[in-house]
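Q: Would you be able to build a 3D model of this:
(2 chains)
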Amino acid sequence: METYTIRSSDVNNLVTGAAFLGTGGGGDPYIGGLMLKRAIERRGPVEVIRNAKSNNAQVVGSAMMGAPIVMIEKIPSGDEANKALKIYSEITGRKVEYITPLEIGGVNSTIPLIVASALGLPVLDGDGMGRAFPELQMTTFYFYGVDPSPVIVLDERGNVSVVEGIDGVWAEKIARVITLRYGGAAYISLYGTTLNMYNKTAVLDTLSLALHIGELLNQIKFNEVLDYLKAKILFKGKVIDVIRRIEKGFSRGFVVIEGMEEYSNKSLKIDFQNEFLIATLEDNVLVSVPDLITVLDMFTFKPITTDRIKYGQKVLIIGIPAHERLRTKEALKYIGPRVFGYNIDYEPIEKRNDVTWL
Amino acid sequence: MAIKIGVDIGSTHTDAVALEGRNLIYATKVETTPDLTEGLLNAITEVIKNLGERKNEIKALMIGTTHGLNAIHQAKRLNRVAVIRIGLPAGEGVPPLMEWPEGLRSFVTSVHLVRGGHEYTGEEILPLDENKIYQIASEINGKVDSVAITSIFSIVNPEHENRVKDILLKEGISVPITLSHQIGGIGLIERENATILNSLILNIFNNLIQILQSLLHKLGLENVELYFAQNDGTIASAQFIKKFPIFTVAGPVSNSIRGAHLLTGITDAIVMDIGGTTTNVGVLYKGYPRESASPVEIAGIRTNFRMPDIYTLALGGGTIIRGEEIGPESVGFMLTKRGLSWGGDTFTTTDVSMVVKGIKIEGSNPELVRNKYLDGYLKKIYNKMVESWENAIDIMKTSKEDVIVIGVGGGSIMLPEILKGSSKLVIPKNAQYANAIGCTLTKVGATIERTFSYEQTNRDIAIKSLIEEAKKTAISAGAIETSIEVREIEELQMPYLPGNAIKVSVKVVGELKI
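A: Below is the predicted model:
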C-alpha cells in the first residue's frame, strides 16, 4: 500500500490530465479545478491510496450527474456530494472507509477528492471507466458484478432520493429523471462494494495517471505522454467541418479533419456523443470505443472538448489503448461500438493499425 | 450638414477624424500617451482647431478607448465594490473572486452570499432571503462606491437581482449598482467576474466623461453629444456607458472591423488591422465583428460578456527585425525616428516592405536599407511576414473556401497583392483611419442573451420579449426608436436538458439620435 497527497498545487495537473483522458467529454475542467482548490483551502489536502491490500473494507463511489452547462451556472455548495455519501452510509448501515471516482475526466475526477477532503477519508487510486462515458452503468464495476444501487441522488437544497434499480441500466434511467427534476444537476453516491471487489473490478491507478500526464502536458513534454500511455499520433491536420445535432438530450455529431504534412491528401472523420467515439480514415476505422480518442491543439497540446472544437483548429489526433478491463466481452456489451449505434465490432486499436505498440 | 468627430485610441497612435456625412474632412494621428487621456484630448483639440468656424456644426463626438482595460491591468484608481451573490446554498463551492490578482481583489470591500437564485427552467431554487439584503444594506451604506450583484440563472430569470437592487435603493444606497444579467451570458463565475469588473471601473468613466465634457465646454461646444464605441462594433451614449463601461474595453478592436465594413460596403470578410506593434485579425460577419464563443480573459480574470473574436500577431509596422527573427518588440510610434529608412538605427518590417514592395513613404529613404541588406535576405524576411498573415487568416476562417480579406490600419500598406486563402485583398481608401471612421459612422446597438425553455415559454413570445428588451436598451444607449432593426437572432440548443432548453441572443441596431 502506498499513500500520497494531492495539494492545491497539484490541481491544475490533475484536471489537465483528466481532460486528456476524458476523450473530449466530461465538461470544462475549469469549475472542477476551482472547486477542488477551494475544498483543499478550506479542509486540507487529500490522501490517495495506491495498491490497497484486498479486504472487506467498504468502498463507495461519488460523482456529479447531469448537465455540465447547469453546473457552470448553479455551482454546487461543495457539500452535496459529502451529504450524499453520509446518507449512503446511514441507509446501508455500512461504514464507508474509502471513496472512489466513477470516471476520469472533467469535473468527475475532482468531486470524489472534494468529498474526501471534507470527510477526512482517503480516495482510492482508480475509477470505473479509465476515461469518461455518458451513463452510470458504463463502469467496470458494473461489468464485473458490482451493483450501482442503492444510488443516493441529492441536490444542493438537501432533497434526497434513493434509487434501487433492478439493474444498472434502470438505475441510470431513474436517477436521470430525478436529476432533471432537481434542476439538471445532482450529486450521487453509488457502487458500494468491498476493497476486495474493487481491486478485482476497477481501472486502477488512474488518478496518478491523470496527475502524471497533466504534469507532462503542462510542461509540454508531449512525447513522454505518448510513450507512457503506449499511445500514438493517428493523424495531424486542420478541422474543416463540424456537424452537431442534439439527439435524445445528447450532443451528437462528427468532425472532419483534413490532413497536413505526412497526412496530406487524406481526411479523418471522428464521430462523437459528448465523447469522441470512432475515428475513420477513408472508410477504415482506426479507433473505436472503448479505446480512447483524444484531440489536442497542435501547438499547445491542450485537449479540446467536443463542445469547443471548431473550424480551423490545427489538431493532433491521439489513439490510446483502453485498459484491459474495458476490452472484455462483458465490458463490450455496455461500451462497445454497437451500444452507440455503430454497425461494427470492436477491434483493439493496435490490431486495427499497422503499428508497434511498445 | 452635421459634423461628427471620431477618435480611436490605439497602442501607438490616437487617430481622430472629422466626417461630414460620409465625407472625411479632416484626419490626424497623434502619439498615444501613457495615461491615454492626454493623447485623446490632444487629438480632439487638434481636429476641432482645424475645423475653424465650422466647429459649430459638430454634433457628436465618438470615442473608442481602452481606458477601462488599462485601469484593470494597472489596478489603480478603481472603485470600492461590495459583491453580492444570490444562490445559497448553491455556489459556495466556488466563492467570488477566486484566482483574482491581489491588486484588483483589494478594491472589493465585502463579499455577501445570499439565499435565492433560479433553476435553468426559471423556477426559484429557493426564495430570496430579503432580511439578509436589508442587513447588507445597512452594513455597506456609505462604505462603497458601487455594488455588483449576481444571481444563479439570472439570464433565465432576473427577478432576484432586480429585487435586491430595489431593496438597496429603498434603503438609501445611492451608488451605482450593476446587475449581472445586464452584463453577460451563461456561466456564473465568468458573468460575476465581468459584473465586478464593470463596478470597479465606473468612476474611471465618470471622470473621463467629465473631462471630455469640460474640454468641449472650454472649446465652446456645449451641444455636442458624447458616445463610446462598444465591444460589439456599435456605439452607446455617455449616459449609458456611465452604467456599463465594461462594454467599451474592446471598442477599438471592433471599430476597425466595423470601419472595414463601412469603408468597403463588404459585409462578410476577414479584417486585418495592422498597427504599429500588432496585427489584429477579426471576422466581419453580416457587417459586424463576429463574437468569441470562448471565455475571454481580462488581466487573468475569466469573463463571458460579448467580445469580438480576435487573433493577435506581434507583427506591425514598427516590429523590429533581428537576423531572421521578426519581433515581437516594436519601435511603435518611434518608427519615423528609429526606422532605418528614416536614418535611424533600427531595422523594421516597414523598412523591409518598402524595398520589397516598392512603396514610397514621405520623408523616408529606402536606399538606406538597400545599401545595408541583400535583396534575397529582404525577400526572405518579407515572405516570412506574409506567411504569418496567411496563417492568421487560416486560423480565423470559418470554412475552407477562400474569403475576402480587408486590410486596414497604418501598416496595411505592407500587405502583398494577394494572400493565400483570400479570394481578393481589399485595402480601402483611408484604411489608416478605419478605426476612427468605424466608430464615427457606426450605429447604436444592444445585444441581449437569455435562456428559455421553449416548453414553458412559447418561442415567439420568448423572442419577442427579448427583442423588446434589446430595443429598450438600444433606446437608452441613444438610438432612434423608429429606426431600430433586428440584426441577428441566434438560437442555441443546450445539451442534456429536456424542455427544449435554448440559449437565445438578439442584437438590434438603430440610427443615432442627433
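
Q: Domain-wise, how is chain B divided?
A: B:1-69+B:204-263, B:79-174, B:310-435, B:441-510 (the TED database).

Q: Dump these into TSV; add distance to residue A:156 and mean neighbour count as well.
A: The way it works is simple: take the backbone N, C-alpha and C, and place the C-beta from them, glycine included. Shown next, in TSV, are the domains of chain B (distance: least, C-beta to C-beta, whole Å; neighbours: other C-beta atoms under 10 Å in any protein chain shown):
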stretch	distance to residue A:156	mean neighbour count
domain B:1-69+B:204-263	29	21
domain B:79-174	4	20
domain B:310-435	37	18
domain B:441-510	17	19
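
Q: Below-threshold pLDDT in the chain: ranges please.
A: Went with chain A since none was named. Counting by pLDDT under 70, the low-confidence segments of chain A come to A:246-251, A:354-358.

Q: you looked at the wrong chain, it should be chain B
A: Using pLDDT under 70, chain B drops low at B:495-496.

Q: Tell me the residues of it that contact chain A?
A: Residues of chain B lying near chain A by C-beta under 8 Å from any C-beta of the partner chain: B:87-95, B:98-99, B:117, B:119-121, B:123, B:125-126, B:152-153, B:186-189, B:293-294, B:302, B:394-400, B:493-498.

Q: Just the CA coordinates for stretch B:198-216, please, in PDB.
A: Output in PDB follows, covering the C-alpha atoms of stretch B:198-216 (Å, rounded to 0.1, in the frame of the first residue of the first chain):
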ATOM      1  CA  ASN B 198     -17.800  46.800 -14.500                       C
ATOM      2  CA  SER B 199     -18.300  48.100 -11.000                       C
ATOM      3  CA  LEU B 200     -14.600  48.600 -10.500                       C
ATOM      4  CA  ILE B 201     -14.200  50.900 -13.500                       C
ATOM      5  CA  LEU B 202     -17.400  53.000 -13.100                       C
ATOM      6  CA  ASN B 203     -15.600  56.100 -11.700                       C
ATOM      7  CA  ILE B 204     -12.800  55.900 -14.300                       C
ATOM      8  CA  PHE B 205     -15.500  56.500 -17.000                       C
ATOM      9  CA  ASN B 206     -17.400  59.100 -14.900                       C
ATOM     10  CA  ASN B 207     -14.200  61.100 -14.600                       C
ATOM     11  CA  LEU B 208     -13.300  60.600 -18.300                       C
ATOM     12  CA  ILE B 209     -16.700  61.800 -19.300                       C
ATOM     13  CA  GLN B 210     -16.400  64.800 -17.100                       C
ATOM     14  CA  ILE B 211     -13.000  65.700 -18.500                       C
ATOM     15  CA  LEU B 212     -14.300  65.400 -22.000                       C
ATOM     16  CA  GLN B 213     -17.400  67.500 -21.300                       C
ATOM     17  CA  SER B 214     -15.300  70.200 -19.700                       C
ATOM     18  CA  LEU B 215     -13.000  70.200 -22.800                       C
ATOM     19  CA  LEU B 216     -16.000  70.600 -25.000                       C
END
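
Q: Run through who's touching that stretch.
A: For stretch B:198-216, the external contacting residues (C-beta atoms under 8 Å, 6 or more residues apart in numbering or on different chains) are B:37, B:40-41, B:44-45, B:61, B:63, B:65, B:67-68, B:71-72, B:77-79, B:81, B:104, B:107, B:145-148, B:176, B:178, B:183, B:222, B:224, B:226, B:238, B:241-246, B:248.

Q: Check the offset of it from the chain's centre.
A: 17 Å (C-alpha atoms, centre = their mean, to the nearest Å).

Q: And stretch A:155-167, by the same measure?
A: 22 Å.

Q: Centre-most residue in chain A?
A: residue A:132 (2.7 Å; C-alpha atoms, centre = their mean).

Q: For that one, which non-adjacent residue is spatially closest?
A: residue A:105 (3.2 Å; C-beta to C-beta, 6 or more residues apart in numbering or on different chains).

Q: Could I get the phi/psi values of the residue nearest to the centre of chain A?
A: Phi and psi for residue A:132, reported as degrees, to the nearest 10, are phi -120, psi 140.

Q: ok, it touching residue A:273?
A: No. The criterion here is C-beta atoms under 8 Å, and residue A:132 misses it with residue A:273 at 11.3 Å.

Q: For chain B, give the helix that spans the most residues.
A: In chain B, assigned by DSSP state H, the helix with the most residues is helix B:375-396.

Q: For chain A, what's its nearest residue on the stretch 51-200 of chain B.
A: residue B:93 (3.3 Å; C-beta to the nearest C-beta).

Q: Give me the outermost residue of chain A relative to its centroid.
A: Largest centre distance within chain A, by C-alpha atoms, centre = their mean: residue A:265, 33.6 Å.

Q: re the thing from before, among the contacts of stretch B:198-216, which ones are in strands?
A: For those, the ones inside strands are B:61, B:63, B:81, B:146, B:147, B:148, B:178, B:226, with DSSP state E as the criterion.

Q: How about the contacts made by the nearest residue to the last one once chain neighbours are set aside?
A: Okay, so that is residue B:226. Excluding its sequence neighbours, the residue lying closest to residue B:226 (C-beta to C-beta, 6+ apart) is residue B:238, at 4.0 Å. Counting by C-beta under 8 Å, 6+ apart, residue B:238 touches B:209, B:212, B:225, B:226, B:227, B:228.

Q: which one among the residues you listed gets closest to chain A?
A: residue B:228 (29.7 Å).

Q: For residue A:116, give its distance to chain B.
A: Distance, residue A:116 to chain B, by C-beta to the nearest C-beta, to the nearest Å: 15 Å.

Q: wait, what's in contact with that residue?
A: Residue A:116 sits in contact with A:46, A:47, A:99, A:122, A:123, where contact means C-beta under 8 Å, 6+ apart.

Q: Out of the residues you listed, who's the most crowded?
A: The residue in these with the most neighbours, by other C-beta atoms under 10 Å in any protein chain shown, is residue A:46 (27 neighbours).

Q: thinking it is in contact with residue A:5, fair?
A: Yes. Using C-beta under 8 Å, residue A:46 is in contact with residue A:5, at 6.9 Å.

Q: what is in contact with these two at once?
A: What both residue A:46 and residue A:5 touch, as defined by C-beta under 8 Å, 6+ apart, is an empty set.

Q: What is the helix or strand where residue A:172 lies packed up against?
A: When elements are assigned from DSSP states H and E, residue A:172 belongs to helix A:168-181. With contacts taken as 3 or more C-beta pairs under 8 Å, 6 or more residues apart in numbering or on different chains; DSSP states H and E, helix A:168-181 sits against strand A:58-66, strand A:151-154, strand A:160-163, strand A:185-194.

Q: again, only using 10 Å
A: strand A:58-66, helix A:140-143, strand A:151-154, strand A:160-163, strand A:185-194 (3 or more C-beta pairs under 10 Å, 6 or more residues apart in numbering or on different chains; DSSP states H and E).

Q: Which elements pack onto the following helix or strand past the longest one?
A: Spelled out, it's strand A:185-194. As assigned by DSSP H and E, the chain's next helix or strand after strand A:185-194 is helix A:195-201. For helix A:195-201, the elements it packs on are strand A:58-66, strand A:98-101, strand A:123-124, strand A:126-127, helix A:140-143, strand A:185-194, judged by 3+ C-beta pairs under 10 Å, 6+ apart.

Q: Redo these as CSV? Include distance to residue B:312.
A: As requested, those are exported to CSV (distance: least, C-beta to C-beta, whole Å):
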stretch, distance to residue B:312
strand A:58-66, 36
strand A:98-101, 39
strand A:123-124, 42
strand A:126-127, 40
helix A:140-143, 46
strand A:185-194, 36
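
Q: Buried deepest among these, which one?
A: strand A:126-127 (a mean of 30; mean count of other C-beta atoms under 10 Å in any protein chain shown).

Q: other SSEs contacting that one?
A: strand A:46-50, strand A:58-66, strand A:98-101, helix A:140-143, helix A:195-201, strand A:203-204, helix A:206-218.
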